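Trainee: Mind looking at a prediction? Sequence and model below.
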Amino acid sequence: MRVESVDIKREEINFPPSDVLQLKSYYLTSFNQSGSLPELIGYNYKEHALDCIDLTSKQITQIPLQPEGPQAIVRPTGIYYHSKDSIWLSDESQNVFLLNRTGDVVKRIDLKAYLDEGEELIIRTNHTMSTIHLGYDPNHQSLLCTIKDKSVKPTRFKVKEISLSNQEVSSFDLSASVVEPNIDEGYANMSEPNVSFIGENIIYNYPIESHIYILNRQDGSRKTIEADSEYTPNKANKCSSKTDYSAWVKHGFENPHFYDVMYIPSLKMYVRLHAGPIDLPDANHPEEVVYKRSLYAMFFDSAFQSLEETVLPQGIYNPYTGWSVTPSGIAFFVDGPQSPNETDNLVMEIVSPN
């Protein structure tokens, strides 16, 4: 597969000082999915709140979360921002909450009730491991979540769709990687898939290799997309140790890492980011090389035909907190050592093909 390199367009958004104690970058975000508001929601761990970031007015408002009591929410793991009064949030208690614009809990669903023996719920955004989103389907009125089934070997992954009207559950098995069927053996932190929910499709991939997998919930059809990078190896090597954490850290840096697939609505394009390998001389000091690691973006049309691949600017974006899709491109937090942002204000760049 030959993919052409392309120039990218970078639109910087500078947010003025605010009464809200916002962050310079957010590890957990969701864009307004109904398309009615140019707004991003990010979890502010310092304030235990949701920061509402308006990309047009450049205003930031805050929705406080309750740390204790009958409406308590512990550390969030996933966000699906449907509209102002329909914000779905999962947390480490394995509950999903429906919040309104003031942060009141309108509904709570205990996902543990939908787990069978040997099953484990996984919703997370961790760019050293995987990105597994919380999903909500407004047409079906259902929640979508990813399950790790440890009752079988090799470990199997599935998606459960939970109807909010009658609590019925539909289950969708995720196909194993075509190049490594047993991902949970030997790949250190990269042992689980990335999972996104886009329309009727479950779109998933594995951090250790470049293929993309599509499962349609409506008709059950499946596709496997070859999405090799022209810049890096397209498969990670196995880790040298199953127990030594320093070896796991080294493995994570010295192999490519493929991230989740995102959809840019206004462009009708998909994009997948991945990090290239880099030598890590000292596993105790990864901060010495993390901002030197190259980050690549591969773009696809609506039929998943590969269009172009490009290398992104180095040392400007925060690789720990990552990025978020918006209707016009991918929003990156400008918070790296090569960034011109020397203030505590929020600065973002919207990146899209030129």
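Mentor: Structure received.
Trainee: Nearest the geometric middle of this structure, what residue?
Mentor: Closest to where the C-alpha atoms of the chain average out (C-alpha atoms, centre = their mean) is T131, at 4.1 Å.
Trainee: Provide the secondary structure category for that one.
Mentor: State at T131, reduced to three classes by DSSP: H, G, I helix; E, B strand; the rest coil: strand.
Trainee: ok, the nearest residue to it once chain neighbours are set aside to I202 distance?
Mentor: Distances taken as C-beta to C-beta, 6 or more residues apart in numbering place D260 nearest to T131, at 4.1 Å, with adjacent residues excluded. Bear in mind the C-beta positions are built from the backbone N, C-alpha and C, glycine included. Distance of D260 to I202, computed by C-beta to C-beta, to the nearest Å: 12 Å.
Trainee: Pull up the overlap in contacts between those two.
Mentor: Counting by C-beta atoms under 8 Å, 6 or more residues apart in numbering, the contacts common to D260 and I202 are 195-196.
Trainee: Let's test this: mean pLDDT of stretch 334-349, rounded?
Mentor: In this model, stretch 334-349 has an average pLDDT of 82.
Trainee: returning to that earlier point: is the residue nearest to the centre of the chain in a bridge, and if so with what?
Mentor: T125 (DSSP bridges).
Trainee: In this model R124 seems to touch it, though I could be wrong.
Mentor: Yes: counting by C-beta atoms under 8 Å, T131 does reach R124; the two are 7.1 Å apart.
Trainee: now the stretch 151-300 of the chain, which segments are flagged as low pLDDT?
Mentor: Scanning the stretch 151-300 of the chain for pLDDT under 70 picks out nothing.
Trainee: so where do the strands sit in it?
Mentor: 156-163, 169-173, 194-198, 201-205, 212-216, 222-225, 257-264, 269-275, 295-300 (DSSP state E, counting those that start in this stretch).
Trainee: Name the residues that touch the last one?
Mentor: Among residues not part of strand 295-300, those counted as contacts by C-beta under 8 Å, 6+ apart are 3, 6, 8, 225, 227, 229, 231-232, 269-276, 306-312, 314, 317, 319, 330, 351, 353.
Trainee: Make a ChimeraX selection of the buried ones in these.
Mentor: Selection of buried members from these for ChimeraX, criterion 16 or more other C-beta atoms under 10 Å:
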select :3,8,225,227,229,231,232,269,270,271,272,273,274,275,276,306,307,308,309,310,312,317,319,330,351,353
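Trainee: Give me the neighbour count for L89.
Mentor: Look at L89: counted by other C-beta atoms under 10 Å, it has 26 neighbours.
Trainee: picking up where we left off before, any chance of TSV for the strands of the stretch 151-300 of the chain, columns distance to T61?
Mentor: What follows is the strands of the stretch 151-300 of the chain, written out as TSV (distance: least, C-beta to C-beta, whole Å):
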stretch	distance to T61
strand 156-163	31
strand 169-173	36
strand 194-198	27
strand 201-205	31
strand 212-216	36
strand 222-225	39
strand 257-264	25
strand 269-275	28
strand 295-300	30
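Trainee: mind checking how far S86 is from I60?
Mentor: 20 Å.
Trainee: Settle it for me: which of these two has more neighbours?
Mentor: Shown here are S86 and I60; by other C-beta under 10 Å, I60 has more neighbours (22 against 17).
Trainee: Enumerate every residue touching the residue nearest to T131.
Mentor: Going by C-beta under 8 Å, 6+ apart, D260 touches 130-131, 133, 194-196, 205, 272.
Trainee: do that again at 6 Å, thanks
Mentor: With contacts defined as C-beta atoms under 6 Å, 6 or more residues apart in numbering, the neighbours of D260 are 131, 194, 196.
Trainee: I'd like those as CSV, with distance to E342 appended.
Mentor: Shown next, in CSV, are the contacts of D260 (distance: C-beta to C-beta, whole Å):
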residue, distance to E342
T131, 29
N194, 33
S196, 34
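Trainee: Nearest to P286 among these?
Mentor: Closest approach to P286 among those (C-beta to C-beta): T131, at 19.2 Å.
Trainee: Is it correct that that closest one is in contact with I123?
Mentor: No: in this structure T131 lies outside contact range of I123 using C-beta atoms under 6 Å: 9.8 Å.
Trainee: count of neighbours near N194?
Mentor: Number of residues near N194 (other C-beta under 10 Å) recorded here: 23.
Trainee: Looking at strand pairing, list the partners for it.
Mentor: The partner list for N194 in beta bridges (DSSP bridges) reads N205.
Trainee: Please tell me how far it sits from P337.
Mentor: As judged by C-beta to C-beta, N194 and P337 stand 27 Å apart.
Trainee: what sits against G42?
Mentor: Shown in contact with G42 (C-beta under 6 Å, 6+ apart): 26, 29, 51.
Trainee: For the one helix or strand it maps to, buried residues please.
Mentor: Element membership for G42 (DSSP states H and E) is strand 39-44. The neighbour-count check on strand 39-44 (16+ other C-beta under 10 Å) flags 39-44 as buried.
Trainee: now swap in stretch 65-78 and tell me
Mentor: For stretch 65-78, a neighbour-count test (16+ other C-beta under 10 Å) marks 65, 73, 76-78 as buried.
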